[in-house]
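Enquirer: The sequence and its predicted three-dimensional model are supplied below.
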Amino acid sequence: MNEFLTTATEAARAAGKLLMDNYEGDLQVDDFQKHDIKLELDVKAQDLITEILLKAFPDHAIYGEEGIAGNQDSEYQWVVDPIDGTVNYFYGIPHFCISIALRKNEEIIIGVILEPNVNELFTAVKGEKPLLNGKEISVSERNVMSQAVVTVGFSKSRESLNAGFKRFQTIAYEVRKTRMLGSAALAMAYIACGRLDAYIEEQISLWDIAAGQLLVETAGGTVDLSVSESHPDKFFICAQNSNLPLDQYL
């Protein structure tokens, strides 16, 4: 497990340096989508991560936002988002990260999230306490909605946006504050260290939340996932500190 974590951290650090070296620079856009942006740097960052992971573990599989690599029959699968928060990154908003998780037979055993612009490294190992820059972290103890800070993500399809608007309106009346941050992985990392209390989104991809799921769960929180009926490759997610009465809003 230590070797897995060390290599994942090395890969995240390398990708983080690449992102910061190019931050607020002249970025090559591969595709402007209605609610998203695809950068050439997304591909370069995933290629760099892939190279480091497969050099250390050549028989492992890579499943990332920018494609797959390695041995897809392996019991070990690395789940990679090279830039979670690409739109933030492109617009110069300093809230983005690299997310790397390792699954063994579909069970997440390693999670690494690096927010390179503030040099915060979140790490999780199955069965151990998660860390932020080497110090143990845990979810908040807040158990009253009126004290909670909740982030609601808005997905890219019209139906998910409409559902998200309704949920956001309902929750916003009940909580202390709502936030829309633009990075699912960081939302979950922030729950794990107690900065946020919950995160909800209608449709999200595995690579966005795999590392964050392990962080939240090992920090004492809960993550509820269900497969989207309209997009079978995506999930509805509710991650929280496990203390809030959120069921009535789901």
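Expert: Okay, I see it.

Enquirer: now R158: how far from Y63?
Expert: According to C-beta to C-beta, to the nearest Å, R158 stands 27 Å off from Y63. The C-beta positions use only the backbone N, C-alpha and C, and glycine is treated the same way.

Enquirer: Work out the gap between the helix or strand containing A210 and the centre of the chain.
Expert: Using DSSP states H and E, the element containing A210 is helix 206-218. In terms of C-alpha atoms, centre = their mean, to the nearest Å, the centre of helix 206-218 is set 6 Å apart from its chain centre.

Enquirer: what does stretch 176-189 give?
Expert: On C-alpha atoms, centre = their mean, the centre of stretch 176-189 falls 10 Å from that of its chain.

Enquirer: tell me how far the ends of that stretch are from each other?
Expert: 20 Å (C-alpha to C-alpha, to the nearest Å).

Enquirer: What residues of it count as buried?
Expert: Within stretch 176-189, the residues scored as buried using 16 or more other C-beta atoms under 10 Å are T178, L181, G182, S183, A184, A185, L186, A187, M188, A189.

Enquirer: Rebuild the residues you listed as TSV, extending it with secondary structure.
Expert: As requested, the buried residues of stretch 176-189 are exported to TSV (DSSP: H, G, I helix; E, B strand; the rest coil):
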residue	secondary structure
T178	strand
L181	coil
G182	coil
S183	coil
A184	helix
A185	helix
L186	helix
A187	helix
M188	helix
A189	helix
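
Enquirer: ok, those residues vs T7, which is closest?
Expert: Of all the buried residues of stretch 176-189, T7 sits closest to A185, with 18.6 Å by C-beta to C-beta.

Enquirer: Surely the closest one and D84 touch.
Expert: Yes. A185 lies in contact with D84 (C-beta atoms under 8 Å); the separation is 4.3 Å.

Enquirer: Mutual contacts of these two, please.
Expert: C97, S99, D208 (C-beta atoms under 8 Å, 6 or more residues apart in numbering).

Enquirer: so what's the second one up against?
Expert: By C-beta under 8 Å, 6+ apart, the contact set of S99 is V80, D81, D84, G111, V112, I113, A185, W207, D208, A210, A211, G212.

Enquirer: between the helix or strand harbouring it and helix 206-218, how many degrees?
Expert: Counting by DSSP H and E, the element that carries S99 is strand 97-104. In terms of direction (axes from the mean of the first three to the mean of the last three C-alpha atoms, to 10 degrees), strand 97-104 departs from helix 206-218 by 80 degrees.

Enquirer: Have a look at this protein and report its longest helix.
Expert: As assigned by DSSP state H, the longest helix anywhere in the chain is helix 2-22.

Enquirer: Tell me which other helices or strands it touches.
Expert: helix 40-56, strand 76-84, strand 97-104, strand 107-115, strand 120-125 (3 or more C-beta pairs under 8 Å, 6 or more residues apart in numbering; DSSP states H and E).
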